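1. structure for the following, please:
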Amino acid sequence: MSKPYIVNALDIGSGFLKLVAISKRPREEDFEILGFAKEPSLGIRKGVIIDIQKVAEKIAFLVKKVEQDCGQKINNIYANITGGHIFCTCSRGLVSVSRADQKISEEDVERVLRAARAISLSSNKEIIEVFPKEFIVDGEAGVREPVGMEGVRLEVEALILCGFSPYLKNSSQAILKADLQINDLILNSLASARAVLTSREKELGVCVLDIGAGVTDMAVFEEGNLLHTAIFPIGSGHITSDIAICLKTDIDAAEKIKLEFGTCETAYSKKDGKKIKINRLGERSRWQSHRGSSTRSGPEEEQLLFSKEELANIIGARVSEIFNLVNKELKKISRQEMLPAGVVLTGGGASLPKIKNLARKELKLPCRIGASKISANFQEDPSLSTLYGLILEGFDVEEGRGNFSNFGKGLKAQLKRFFRRLIP
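-> Alright, predicted model coming up:
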């Protein structure tokens, strides 16, 4: 029997750090969970690591917990990167076909992609990777695989992914300080897309939105290729903060209120003519109607009274802000209201009740919640989509069919330069 592959994945989020070790035999579909652990994040703000030591300590703690579960050493991981510093821009490359018989070779493709990288960036910005949208052979556009075709001139329309060098370095340093090797760093939205999107959706045209605690990651696919990506500095954690401010309660109580009573649809809340009464520590005391009276269960200043409609207005305003930003990005690429496969919501924020209804209304596109399961005994949870995508990509790489292989190769080259600066 063939030896199983083991893949370790780390989701570095603004709200939580999650680590999982998974085993899978070649050419089999079943996964075996060897260990899983998560911890609240420290030292991460809006997807960016700002305190390397704190994050490294948290990662090391997770590694020890998972190692105890699976009974073996964890040496390397696949991890995600995100943050508002990451941006994309379009570029075009042009080369002449080098072979005398005018057949396009892999070397020609590499040369034209290098030509597309020739863009002007400030000294503290760098190119992470080049994603080809389409190749153009002698003026004929829409070519997906030019190798072997005959032509004189080869062009490429490409999406260039860039980032802020110090923040990219922080990600690698935090993982290295936890005594781990980096197999690959994958853009958060691409990992989520790997987990929740189908090939048909990517071909038709689809937008995936990963609503995390600190940021919302967006990626648009069309004809099977990455068309656009964006990262907004707003997430579900901002909804919690809004509730805390508007209801004048502490942040832990606000989080409990959001999880237990939160909804994105005001019309739905108006049907419920009741108010919710809890103490300011977040413990629910009783329901009471608008006109009803109740006996106080503690000092007046310890009681918090609010309606579902009021809560829905708070949550809906912030979620609408996210969707407005999404519409602006879609408008930039002429895809506003023009994606046949619609929008797939994932991440922890996608668990908000009625968020699909609000998305359909604001974006005017079909919408579904994207959640996948690693195995039968692993819960289906949108907040685990990134982790699941990292796992799938890890096994694809192990089995020699990595979907983001170009991305990985480019980022690994950047990391080698980081390592030379880190190692004495």
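2. tell me which other helices or strands the longest helix seen in the chain touches.
-> Among all segments of the chain classified by DSSP state H, the helix with the greatest residue count is helix 308-332. Contact partners of helix 308-332 among helices and strands, from 3 or more Cβ pairs under 8 Å, 6 or more residues apart in numbering; DSSP states H and E: strand 206-211, strand 216-222, strand 225-232, helix 236-247, helix 251-261, helix 266-270, strand 274-279, helix 355-363. To be clear about C-beta, it is placed using only N, CA and C from the backbone, and glycine gets the same treatment.
3. run the angle between it and helix 355-363 for me.
-> With axes from the mean of the first three to the mean of the last three Cα atoms, to 10 degrees as the criterion, the two stretches helix 308-332 and helix 355-363 enclose an angle of 50 degrees.
4. quick one, helix 308-332 and helix 236-247 angle?
-> 140 degrees.
5. make CSV from the helices and strands packed on helix 308-332 and add distance to Asp51 and mean pLDDT to it.
-> Putting the helices and strands packed on helix 308-332 into CSV (distance: least, Cβ to Cβ, whole Å; pLDDT from 0 to 100) gives the following:
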stretch, distance to Asp51, mean pLDDT
strand 206-211, 23, 98
strand 216-222, 22, 97
strand 225-232, 20, 96
helix 236-247, 17, 95
helix 251-261, 20, 92
helix 266-270, 39, 60
strand 274-279, 34, 76
helix 355-363, 31, 96
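6. quick one: which of those is nearest Gly148?
-> strand 225-232 (19.7 Å; Cβ to Cβ).
7. so how far is the closest one off the chain centroid?
-> For strand 225-232, the distance from its own C-alpha centre to the chain's C-alpha centre is 11 Å (Cα atoms, centre = their mean, to the nearest Å).
8. for it, packing partners?
-> With contacts defined as 3+ Cβ pairs under 8 Å, 6+ apart, the packing partners of strand 225-232 are strand 87-96, strand 125-137, strand 153-164, helix 188-196, strand 216-222, helix 308-332.
9. out of the ones you listed, deepest packed?
-> When you average the neighbours per residue for each of the helices and strands packed on strand 225-232 (mean count of other Cβ atoms under 10 Å), helix 188-196 leads with a mean of 28.
10. what's in contact with that one?
-> The contact list for helix 188-196 (Cβ atoms under 8 Å, 6 or more residues apart in numbering) reads 47, 80-82, 202, 208, 210, 212, 217-219, 221, 226, 229, 231, 344, 346-347, 370-372, 385-386, 388-390, 392-393, 403-404, 407.
11. and the helices and strands packed on strand 225-232 as a markdown table, adding distance to Arg117?
-> Supplementary listing: the helices and strands packed on strand 225-232 in a markdown table, determined by distance: least, Cβ to Cβ, whole Å:
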| stretch | distance to Arg117 |
| --- | --- |
| strand 87-96 | 7 |
| strand 125-137 | 6 |
| strand 153-164 | 7 |
| helix 188-196 | 19 |
| strand 216-222 | 21 |
| helix 308-332 | 22 |
